[in-house]
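Chemist: Output the structure for:
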Amino acid sequence: MKQKDRNAKAKPPPTFVVMCGIHVVRMLGPAGEEERARTAVQNMMAACGYRGPDSAGIAIHVQSGFATALGHNRLAIRGGPASAQPYTLPGKGTLVYNGQLFADAVGSADTPALAAALATGDFAFMDRYAGMGAYIWLDAQSGCLTIGRDSFGIKPLFVAKTANAIVLSSEVRGIFASGLVDPKTDPLQLPYVLLYRCHPLGAGIYTNVAALAPGTYTLKGLDIEPIKPHLIGVKKEAVQNEKKTLKSLISGSILQHLSADRQVGILLSSGVDSGLLATLAAEHTSALTCFTTAGPESQQAQRLAKRLGFRWEQVPVLQGTDAWLAFIGHSPCPIADPGAYLTWCVAEAAQKANVPVLLSGAGADELFLGYRRQQAWYKLRMVRNAGLGNLVAPFLPWLDNRIKAALRVDSNAVGYGHTMACPRSLAAYARMPEPDVVFPAWAKSTEPLHLDLYTYLPDQLLAAADVYSMAHGVELRVPYLTPALRAWAHAQPVEKLLAQGGKAPIRELYASLGGAANKTKMGFGLMPSQYPNFAEIEEALGLSTQTHPIYAHIPYTTVQQWLKTSPPLQARMAYWAAGHMFHVEQLCLTQRKNL
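Modeler: Residues are numbered from 1 along each chain as shown. Reported below is the predicted structural model:
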């Protein structure tokens, strides 16, 4: 079939797309608090303007001793003027929303459809249409707020509470920019950041800021209460979607995610995850720009893009200290992952190329057990459960310390957490108390091999995808993360997936379509030749001086001894991230003066 004919048949279903930043402040007090709420939200919108460079709006609601300000930064991908926000249904309520709904069943309506559903109390509307997003709906009659996040936690939402105010924002930067919340670092979370390179869902390095877990909440006055958690576990027995082919599920998801009024691109490596997305996308469009970071995967990715008829662009990895400092300093909660830095670089390149939407293969490893640590842990668990962990570990001196620890603990979940930890981290070197990694309350599955889906995916991968792509006004979309694909993947026996090497179903599908994943794929990371100047970054962050606030919790001499061991990049980035977090109060004060 000719490309022109193929495109003519591939009409994507109507899609709601309003990728943005949302900010809400509710103040308790006299009528004068209305102006404080308005000013706070204006400051938040100014600090996060990069999330929505196309337009901004604010709405004020005063009722029953509360003043509520709702702000919105809009990145206009689809929907036109009708999707401008805050969106008000007269007499019903006001909506601010950051996300996307695949709503082929409700016609071509945009944001108004979500608002209409929420006005009737239909809080499952977003999940029914495989949506990703976070929203805040203010009911005009009661003054109550309804708050929702998608079931995977793809789009973020943070909350902070003071004695007379509650503050919600798409970013922690927005929370602090309000001027109502001062950062208060939590030393107890420092080992978590150093070991796992991010802050855990529902907690963080700041005692007064938390990420809302996926679910639906109500805010009456200043108290947030859950209405319905989004339980993302799936029963092991046969599910309806198992009857559908994997190709039809992924292809249908891609078609929906391609829907946009502006150019769409893809993060393309030489691996199976993005390679399969690109191959199936070629069945629907020829207008896709592929972005590949410079490195060993470039040549193979370029060949694939050429075979599929797509435009291809190689993205240089920015190595200067200034670029790295901009990356680290962008968020009060930086993600210490080399892949996050590459997302930053690609998003900047996409912005310059006027491609504000990027598809990503994130989620495939979590759904289809593609990480080596998952396969290793499955075998280690057999040894542990047989009671042989303490006997075997001393006779295997080549084992990583993380794996030895995993063999000796009683909890499957905690043991798997050991395998997720950053190798040779500062926390392990300093013998800091090890934090527990447990399933959050909103996860139903008790299978440790799915732990990534509930922790690493939302806490690190998706958090980094959002904050570092939206920093350049670029929206990352994740076609693998749909309820239908999750149900299909969880219906596959764990033993079957691991026996075939992990991700077997999508590898087989990719091979049947002519794909050939690079067997030596290094992952979404940096080569040693692309590393920054470590000493310059540590000097610029103030970590070279003993007066840095992090050294109130880790002895300066211990850190210097650790640095002499030449820790790997991930561990070093975690050290930079922790240092930045402990210093962020002063940075926020400076930013407020500049607003």
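Chemist: Ignoring the adjacent residues along the chain, who's closest to the most centrally placed residue in the chain?
Modeler: Central residue of the chain (C-alpha atoms, centre = their mean): Leu462, 1.6 Å from the mean position. Nearest residue to Leu462, sequence neighbours excluded (C-beta to C-beta, 6 or more residues apart in numbering): Ile154, at 5.5 Å. Any C-beta I mention is one placed from the backbone N, CA and C, and that applies to glycine too.
Chemist: Give the burial count for that neighbour, as a bare number.
Modeler: 26 (other C-beta atoms under 10 Å).
Chemist: How about Asp127?
Modeler: For Asp127, the count of nearby residues is 17 (other C-beta under 10 Å).
Chemist: is it fair to say it lies in a strand?
Modeler: No - read with DSSP: H, G, I helix; E, B strand; the rest coil, Asp127 is helix and lies in no strand.
Chemist: close enough to count as contact, it and Arg149?
Modeler: No - the criterion here is C-beta atoms under 8 Å, and Asp127 misses it with Arg149 at 10.3 Å.
Chemist: all strands for the stretch 301-450 of the chain, in order.
Modeler: Assigned by DSSP state E, counting those that start in this stretch, the stretch 301-450 of the chain shows strands spanning 311-315, 357-359.
Chemist: Residues in contact with the first one: which ones?
Modeler: Among residues not part of strand 311-315, those counted as contacts by C-beta atoms under 8 Å, 6 or more residues apart in numbering are 268, 288-294, 298, 301-302, 305-306, 345-346, 349, 353.
Chemist: quick one: low-confidence ranges for the stretch 401-550 of the chain?
Modeler: For the stretch 401-550 of the chain, the stretches with pLDDT under 70 are 401-404, 406-413, 437-448, 517-524.
Chemist: Can you show me the helices along it?
Modeler: Ranges of helices in the stretch 401-550 of the chain, per DSSP state H, counting those that start in this stretch, are 401-408, 412-420, 426-429, 451-454, 456, 463-470, 483-490, 494-499, 504-512, 534-540.
Chemist: again with the stretch 51-200 of the chain
Modeler: Ranges of helices in the stretch 51-200 of the chain, per DSSP H, counting those that start in this stretch, are 111-119, 125-128, 172-177, 190-196.
Chemist: now, of those helices, which is deepest in the fold?
Modeler: The highest mean neighbour count among the helices of the stretch 51-200 of the chain belongs to helix 172-177 (a mean of 27), with neighbours defined as mean count of other C-beta atoms under 10 Å.
Chemist: residues in contact with it?
Modeler: 21, 23, 43-44, 46-48, 158-160, 167, 169, 181-183, 204, 206, 209, 330-333, 584, 588, 591-592, 595.
Chemist: how about 7 Å then?
Modeler: 21, 23, 43-44, 47-48, 158, 160, 167, 169, 181, 183, 209, 331-333, 588, 591, 595 (C-beta atoms under 7 Å, 6 or more residues apart in numbering).
Chemist: Quick one: buried ones out of the residues you listed?
Modeler: Using 16 or more other C-beta atoms under 10 Å as the burial test, the contacts of helix 172-177 include 21, 23, 43-44, 47-48, 158, 160, 167, 169, 181, 183, 209, 331-333, 588, 591 as buried.
Chemist: Distance-wise, check Pro458 relative to Val478.
Modeler: 11 Å (C-beta to C-beta, to the nearest Å).
Chemist: between the two, which one's more packed in?
Modeler: Each of Pro458 and Val478 has its neighbours counted (other C-beta under 10 Å); Pro458 has more, 26 against 22.
Chemist: so who does Gln319 touch?
Modeler: With C-beta under 7 Å, 6+ apart, Gln319 has these contacts: 530, 532.
Chemist: just Trp137 next, same as before
Modeler: Residues near Trp137 by C-beta under 7 Å, 6+ apart: 93, 95, 118, 145-146.
Chemist: Out of these, give me the one that has the most neighbours.
Modeler: For the contacts of Trp137, the largest neighbour count, defined by other C-beta under 10 Å, is 27 neighbours, found at Leu95.
Chemist: Would you mind confirming that that one is in contact with Gly133?
Modeler: No - assessed by C-beta atoms under 7 Å, Leu95 is found out of contact with Gly133, at 11.2 Å.
Chemist: thinking again about what came up before, so which one among the contacts of Trp137 has the lowest pLDDT?
Modeler: Within the contacts of Trp137, pLDDT reaches its minimum at Leu118, with 92.
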